[in-house]
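Trainee: would you be able to build a 3D model of this:
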Amino acid sequence: MQPPPPPLKKQEKAPIVVVEIDSGDDEDSVVVAQKGNKSNNNYSNKSTKDAQFQFKTPKLETPVAVAPPDSNYRPLDSRSFWKAGAFEIGPSKSTFLQGDLEHARVHPKFLHTNATSHKWAFGAIAELLDNAVDEICNGATFVKVDRIYNKKDNSPALLFQDDGGGMNPDSIRKCMSLGYSSKTSNTTIGQYGNGFKTSTMRLGADVIVFSRSSRPGQATQSVGLLSYTFLRRTGQDDVIVPMIDYDISGHWAEPIISSSQDDWSANLKTILDWSPFSSKEELMPQFEDIGSHGTKIIIFNLWLNDEGIYELNFDDDDEDIRLRDEAKSSSLQKPTKKGLELQSHISYHIRYSLRAYASILYLRKFKKFKILLRGKPVEQLHIVDELKYTEIVTYKPQIASATKEVSVATTLGFIKEAPGIGVCGFNVYHKNRLIRPFWKVTADGSSKGYGVVGVLEANFIEPAHDKQDFERSSLFFKLETRLKQMIMEYWRGHCHLVGYQPERSRQPNVQSKPTVPSPVKVADKQKQLPTSKVMHGQPVIDLSTESIEGERNIDHSNKTAIDQICEENIQLFMRCEGYMQKENELKRTIEELEKELADTRMKCTKLSLHLETQRKQKLGK
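Mentor: Take a look at the predicted model:
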C-alpha cells in the first residue's frame with residue numbers, strides 16, 4: 001500500500017479546486033462563490049453565475065500534498081474495470097467552513113459506480129462520438145478516434161478529437177459535473193448530462209480534456225483532469241477536478257485567475273503530476289493541432305480484462321479498434337459453413353469491431369462530417385440499402401401527451417443473403433442514433449420472419465442512460481407488439497420471393513399422417529431383422545419413410561404451434577388496442593357531451609334570468 005502523503009506546513013494551503021457536483025438539472029439552484037482578487041479575474045462573474053460548481057480553497061484537517069510523479073504516478077492496483085470499485089471507504093474528512101452550508105458530497109467511488117451503466121465498451125465510445133456529432137451545429141467537420149501513447153509509461157491511451165465549437169471555462173466545468181446538460185434541441189442526441197463521465201470512466205481510470213473556444217469578445221483555452229487514480233491514491237472523499245484556463249485573445253496565453261495565483265499554480269501542478277504530461281512545455285503543445293476551436297480528450301490508464309490484457313485491442317487491425325473478449329469468444333466456436341456465413345454479416349461484426357459498429361451507428365449519412373478511425377474515414381452503411389423486396393409500413397403510436405399525431409415509417413425487407421443466413425430483427429434508432437441493433441421480436445423457434453430486417457426511428461420513446469436500450473414503458477411494449485405484427489404480415493406476403501412456401505399453399509391435412517410409428521409395426525420390423533444383429537444388442541433404428549416423415553411432421557407441428565400462438569397473441573393485442581381506442585373515443589364523446597350540457601345549462605340560466613327581468617319590468621309598469 002502507498003503510504004499517506006506527508007502533511008503540508010501550517011502556512012501552506014491545499015489549493016485544489018473542489019468541484020461540488022450537483023445531481024440535479026436545475027441551473028438556477030446553483031451558487032458560484034469566487035474568492036480572491038477580483039481584479040485579476042478575466043473570467044467575468046456573469047459568465048459563471050450559472051455554472052454548477054462552487055470553487056473554494058478547502059481547509060482540510062489533513063491537507064493533500066501531491067508527491068513527486070516518480071513515487072505517486074502509477075496505475076491502480078486493480079486494473080480490471082469490474083473490480084476497480086471494490087475498496088473500503090475510509091472516514092470522511094470535514095471540510096465545513098464557518099458561514100458555509102453543508103453539501104452532499106460525491107465520493108470518488110461513485111465515478112466508478114456511475115460508469116457501470118455501460119456494460120459494453122463500444123457503448124461508452126458511442127457516447128463520445130455523440131458529443132462530437134452534436135457539435136455539427138457548431139461547425140464540426142470531423143471526429144478523430146485513435147490510439148496514442150502515454151509519455152510517462154508508454155502505455156496505450158485513447159484519443160478523441162473534434163473541431164467543434166469547443167468549451168469555454170464555463171462549459172468545461174459543466175461538462176465535468178453530473179446531471180447538467182445544456183442540450184435542449186430536438187436534434188441533439190445528448191440529454192442527460194451524464195455521458196462524458198460514464199463513458200470516459202468506463203474506458204479508463206483517468207481522462208484529461210483540452211478545449212479551445214472562440215466566442216465574441218474572448219478566446220479561451222482550458223485543461224481539466226478527471227482522475228480516478230489521483231482521487232484513490234490521495235484518499236479523497238470528495239470529487240476534486242483540477243482545471244486551468246487561459247485567455248488567448250491576445251498574442252499569448254494569459255492565465256485566467258478565478259481565485260488566486262496560488263490556487264491556479266496548484267491546479268497546474270496537480271495536472272502535471274497526475275496526467276501523461278510532466279511539464280508545462282509538454283502540456284501546452286497539445287493545443288496546437290486543435291486550431292482556433294475544438295476539443296481533445298485523452299483517456300489513459302485504460303482498463304484491462306480479467307486476464308490482465310487491455311480490453312481494447314489495437315493490434316489485430318491497424319485501421320480498427322476491437323473488443324478483445326468478444327472477438328476471442330467468436331474464434332473459440334467450431335467453424336461451420338453456416339457459422340462462417342453468419343460471421344460475414346454486419347450484425348456479427350458490430351459485436352467486436354468499432355469500425356463496423358460506427359458504420360451503422362447513425363441512421364442518416366453525414367454530408368460534411370467524418371468519423372476518422374485510426375486515420376481512415378468510416379464508411380457509413382445505410383441498412384435499408386442492403387435489403388431487397390423492401391416495403392414501408394406506417395405506425396401511428398397513441399401518445400396521450402402529443403399535441404399532434406405521431407407517424408413512424410418502418411422499412412422492412414429481406415437481407416441480400418436470404419434465405420442462406422438467418423439474420424433478422426429491427427434496427428431501432430432514436431434521434432438518428434442506433435439504440436437497438438437487429439432486435440429480434442419473433443419467438444425463438446419460429447420459422448416466420450427468417451431473414452427479415454427492419455429499420456425505423458422511434459423518437460417517441462426514451463432511451464436508457466447507456467443508449468443501448470429503451471426504457472420499459474407502455475409505449476415500448478406497444479411498439480414491440482406492433483413490430484411483431486409487421487414482420488408477420490410482411491412474411492405472409494413476401495416469403496415466397498426468397499423460396500419459402502406461402503402458408504396458404506400448404507397441404508391442409510399434413511398433420512393427419514401418424515406422427516410416430518406404431519409399436520406393432522416396429523415389433524414386426526424387429527422380427528424380420530437377422531437374429532445375429534438382435535442378439536448383439538444393437539439398437540434397432542427405424543429408417544423407413546414413414547418414420548422420417550413422422551419426425552418432420554413433429555418438427556413442423558411444433559413450429560406451427562409456436563407460430564399459431566404468436567398469431568393469437570397479436571390478434572388479442574390488436575383487439576385490446578381497438579377496445580382502448582373505442583374507450584378513448586367514448587371518453588372524448590362524454591367530455592364533449594358534458595361540456596355541451598354545461599353550456600346548455602348556462603344558456604338556460606341566462607334565459608331564465610332574462611325572462612324573470614322582463615316579468616318584473618312588466619309588473620312594475
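Trainee: let's see the longest strand seen in the chain as CSV, backbone CA atoms only.
Mentor: With DSSP state E setting the assignment, residue counts place strand 204-215 as the longest strand in the chain. Extracted C-alpha coordinates of strand 204-215, given in CSV (Å, rounded to 0.1, in the frame of the first residue of the first chain):
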residue,chain,number,x,y,z
GLY,A,204,-10.1,4.1,-18.5
ALA,A,205,-9.3,5.3,-15.0
ASP,A,206,-8.3,8.8,-16.0
VAL,A,207,-9.1,11.4,-18.6
ILE,A,208,-7.6,14.8,-19.5
VAL,A,209,-9.5,17.3,-21.6
PHE,A,210,-8.1,20.2,-23.8
SER,A,211,-10.6,22.6,-25.3
ARG,A,212,-10.4,25.9,-27.2
SER,A,213,-13.3,28.2,-27.7
SER,A,214,-13.6,31.4,-29.7
ARG,A,215,-16.6,33.4,-28.6
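Trainee: give me the helices and strands touching it, please.
Mentor: helix 169-175, strand 218-227, helix 228-233, strand 294-302 (3 or more CB pairs under 8 Å, 6 or more residues apart in numbering; DSSP states H and E). In this view, the C-beta of every residue, glycine as well, is placed from N, C-alpha and C.
Trainee: 10 Å instead, please
Mentor: strand 156-162, helix 169-175, helix 195-203, strand 218-227, helix 228-233, strand 243-247, helix 261-274, strand 294-302 (3 or more CB pairs under 10 Å, 6 or more residues apart in numbering; DSSP states H and E).
Trainee: direction included, what does it pair against?
Mentor: Strand 204-215 has its sheet partners listed here by DSSP bridges as strand 218-227 (antiparallel), strand 294-302 (antiparallel).
Trainee: stretch 444-459: end-to-end distance?
Mentor: End-to-end distance of stretch 444-459: 28 Å, with CA to CA, to the nearest Å as the criterion.
Trainee: would you format the helices and strands packed on strand 204-215 as CSV with mean pLDDT, distance to His430 and mean neighbour count included?
Mentor: Formatted as CSV, the helices and strands packed on strand 204-215 follow (pLDDT from 0 to 100; distance: least, CB to CB, whole Å; neighbours: other CB atoms under 10 Å):
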stretch, mean pLDDT, distance to His430, mean neighbour count
strand 156-162, 97, 22, 21
helix 169-175, 91, 22, 24
helix 195-203, 90, 14, 25
strand 218-227, 94, 27, 24
helix 228-233, 90, 30, 22
strand 243-247, 95, 33, 22
helix 261-274, 94, 37, 19
strand 294-302, 97, 24, 24
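Trainee: what average pLDDT does the helix or strand containing Thr605 get?
Mentor: If you go by DSSP states H and E, Thr605 is part of helix 545-620. When pLDDT is averaged over helix 545-620, the result is 72.
Trainee: about what we covered before: make TSV from the helices and strands packed on strand 204-215 and add distance to Gly578 to it.
Mentor: Listed next are the helices and strands packed on strand 204-215 as TSV, based on distance: least, CB to CB, whole Å:
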stretch	distance to Gly578
strand 156-162	49
helix 169-175	48
helix 195-203	40
strand 218-227	53
helix 228-233	54
strand 243-247	59
helix 261-274	63
strand 294-302	52
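Trainee: those: which one's closest to Cys424?
Mentor: Of all these, it is helix 195-203 that lies closest to Cys424, at 30.1 Å by CB to CB.
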